[in-house]
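sequence first, then the predicted structure, then my questions.
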Amino acid sequence: MLVAAALMAAVPFVAGPFLRVSVDALDSVEAGAFVGSLLAVLVLIAAPVLVLGCVAPYAVRLSVVAVDEAGRIAGRLYAISTMGSLAGVFLSALVLIPLTGTRRTFLAFALALALVAMLGLRRRAAALGPVLVGALMALPGGTVKEAGASAVVWERETEYQYARVVQLPGGERRLELNEGQAVHSIYRPQTYLTGNYWDEPLVLPFAARAVAPRSIAVLGSAAGTVARAYGHFLPSTTIDAVEIDPRLTEVGRRLFDLHAPRLRTHAADARPWLRATDRRFDVIYVDAYRQPYIPFYLATREFFALARDRLNPGGQVIVNAGHPEGSADLERVLSATMRSVFGHVVRDPAQAVNTQIVAADVPLRAASLRAAAPGLAPALRPLARAAARRLQPALTGGRVYTDDVAPVEWLIDASIVQVAADGSR
């Protein structure tokens, strides 16, 4: 147990370099380094788990004196082990990680193991274990990935993820989640546009309507880039910004200028919130990735049927489909699934790694988007014309996902591995 405590205490410190290598490998699409560092981290975590797996059988052997009591003692010890496992899961997920962070959670459990090991060793030297672990707990935590030329102006282990805000020399701020690889929100001083996919929901609704949408639900609002832009360019639109992590909404108000005349924010999971609300929307915008995955229950026929039921007549669902560059597998699946619910589905390949998929029960036309452009705010007119040039029928050939079968993780993992392997040749 003392060996397991030492191995567990080492995990958050030794894993850092491997994680940085894996992120850098994903940046440059080097399959060997990415897979190698991932396996190294798995082995690192497996070591203390393997050692701990030896404890219970050995405890049974030490406790059994007579054969006829073997079943009773084994059952008792494994019942204690199961209760400990449950306590560890809930304590770490609901208490320790939100309050102290991932690193100190590892160290807290290592300290608990070391204290129990002391009782068994009964030597003064055994106190060295928890003393060392306690000293490690006092060390400050660092970021998952260096910020380079940027400055980290805010970071936190929330109940759901690791989040940080980095500020570039020019004042631009970016919200990065988990591994620091993907940007989930952008704030640029003196402008409401980003030059990226967040701008597309401002103009795509005009492919089916001549007037601004009266209401929009943003599912996966993060720090509120889309909501902020809507409040500026389309101030008459009522905005419901739904974000499961309330800390992201808070930092959006503090550091991303999140405000709008008709803005309502909701700390909720997207699908349960959509099911519970009695409101109807002209646009539902889905941008609920936890990079690189989209929650499977936001990619099924049942979800899109629910979204259709929450639309006003002529309303649209727009999905931001992020994907590895050159991979269209996820987009095909989402398009097929949306086409099983809606009469019309089109795509806007706005970025090399982001495609906006638009679905409605009314025709979606590039000509309508071009016709609406002159009536938009001057900054939006070139965006509308560019989107109209890109607008095209949705991809075909994908599988329809349902709540029963929706292997999103397998699909995205396979796409990443394929792109990584192609890039390493």
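That came through fine.

from now on I want contacts and neighbour counts done on CA atoms only, so please keep to that.
OK.

just for this protein, where's the confidence low?
Within the chain, the stretches with pLDDT under 70 are 16-38, 98, 122-149, 179-181, 290-292, 419-425.

what is the burial count for the closest residue to Phe233 other than its chain neighbours?
Once flanking residues are discounted, Phe233 sits nearest to Ala377: 6.7 Å by C-alpha to C-alpha, 6 or more residues apart in numbering. When neighbours are counted by other C-alpha atoms under 10 Å, Ala377 registers 12.

ok, Val89 next?
Val89 has 12 neighbours, counted by other C-alpha under 10 Å.

packing partners for the helix or strand where it lies?
Using DSSP states H and E, Val89 sits within helix 70-91. On a contact count with 3 or more C-alpha pairs under 8 Å, 6 or more residues apart in numbering; DSSP states H and E, helix 70-91 meets helix 55-63.

so how far is the helix holding Val89 off the chain centroid?
Centroid separation for helix 70-91 versus its chain: 33 Å, with C-alpha atoms, centre = their mean, to the nearest Å.

which positions in that helix come out as buried?
Ile73, Ala74, Leu77 (16 or more other C-alpha atoms under 10 Å).

what lies in contact with that helix?
Outside helix 70-91, the residues that touch it by C-alpha atoms under 8 Å, 6 or more residues apart in numbering are Ala56, Ala59, Val60, Ser63, Val64.

among those, name the buried ones.
Neighbour-count burial (16+ other C-alpha under 10 Å) applied to those gives Val60.

give me the number of residues near the closest residue to Asp361 other than its chain neighbours?
Once flanking residues are discounted, Asp361 sits nearest to Gly343: 4.8 Å by C-alpha to C-alpha, 6+ apart. Gly343 has 13 neighbours, counted by other C-alpha under 10 Å.

what about Thr402, how many residues nearby?
Residues lying near Thr402 (other C-alpha under 10 Å) number 18.

and it, backbone torsions?
Torsion angles at Thr402 (phi, psi; degrees, to the nearest 10) stand at phi -130, psi 170.

all strands for this protein, in order.
151-157, 162-167, 173-177, 183-187, 215-219, 238-243, 263-267, 281-286, 311-322, 344-351, 354-360, 392-393 (DSSP state E).

strand partners (parallel or antiparallel) of the fourth one?
Which is strand 183-187. In the sheet, strand 183-187 lines up against strand 173-177 (antiparallel) (DSSP bridges).

with the shortest one instead?
On the basis of DSSP bridges, the sheet neighbours of strand 392-393 come out as strand 344-351 (antiparallel).

list the contacts of the strand it pairs with.
196-197, 200, 335, 338-339, 355-364, 387, 390-395.

how far does stretch 176-190 sit from the chain's center?
With C-alpha atoms, centre = their mean, you get 12 Å for stretch 176-190.

tell me how many other residues crowd Ser340.
By other C-alpha under 10 Å, 17 other residues sit near Ser340.

for it, give me phi and psi.
With angles defined as degrees, to the nearest 10, Ser340 sits at phi -70, psi -10.

any idea how far the closest residue to Ala372 other than its chain neighbours is from Gly398?
Excluding its sequence neighbours, the residue lying closest to Ala372 (C-alpha to C-alpha, 6+ apart) is Ala210, at 5.9 Å. Ala210 sits 32 Å away from Gly398, taking C-alpha to C-alpha, to the nearest Å as the criterion.

go on, Arg188?
37 Å.

same check, this time on Met83
Per C-alpha to C-alpha, Met83 is found 44 Å from Gly398.

looks like Ala229 contacts Tyr192 (just checking).
Yes - the pair Ala229 and Tyr192 qualifies as a contact (C-alpha atoms under 8 Å) at a distance of 5.3 Å.

on that earlier part again, next, format the strands of the chain as CSV and append mean neighbour count and distance to Leu50.
Formatted as CSV, those follow (neighbours: other C-alpha atoms under 10 Å; distance: least, C-alpha to C-alpha, whole Å):
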stretch, mean neighbour count, distance to Leu50
strand 151-157, 16, 28
strand 162-167, 22, 27
strand 173-177, 24, 30
strand 183-187, 21, 36
strand 215-219, 25, 41
strand 238-243, 24, 38
strand 263-267, 17, 39
strand 281-286, 24, 41
strand 311-322, 22, 37
strand 344-351, 20, 44
strand 354-360, 25, 41
strand 392-393, 16, 52
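
Asp257 is nearest to which of these?
Set against Asp257 and scored by C-alpha to C-alpha, the strands of the chain come closest in strand 183-187, at 7.6 Å.

relative to strand 162-167, how tilted is the closest one?
Taking axes from the mean of the first three to the mean of the last three C-alpha atoms, to 10 degrees, strand 183-187 and strand 162-167 form an angle of 40 degrees between their directions.

and the contacts of strand 183-187?
Against strand 183-187 from outside (C-alpha under 8 Å, 6+ apart): 172-177, 194, 222-225, 256-257.

now do the helices in the stretch 151-300 of the chain.
With DSSP state H, counting those that start in this stretch as the criterion, the stretch 151-300 of the chain has helices at 225-233, 246-255, 270-276.

if we can go back for a sec, for Ala276, state which of the contacts of helix 70-91 is nearest.
In terms of C-alpha to C-alpha, no member of those lies closer to Ala276 than Ala56, at 46.0 Å.

for that closest one, what are its contacts?
Listed by C-alpha under 8 Å, 6+ apart, the contact set of Ala56 reads Leu77, Tyr78, Ser81.

format those residues as JSON lines; extra columns: distance to Asp282.
Formatted as JSON lines, these follow (distance: C-alpha to C-alpha, whole Å):
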{"residue": "Leu77", "distance to Asp282": "58"}
{"residue": "Tyr78", "distance to Asp282": "55"}
{"residue": "Ser81", "distance to Asp282": "53"}
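
closest one of the residues you listed to Phe304?
Of all these, Phe304 sits closest to Ser81, with 42.6 Å by C-alpha to C-alpha.

okay, and the beta partners of the residue nearest to Ala387 when sequence neighbours are not counted?
Among residues not flanking Ala387 along the chain, Asp348 sits closest, at 6.6 Å (C-alpha to C-alpha, 6+ apart). Beta bridges link Asp348 to Gln356, judged by DSSP bridges.
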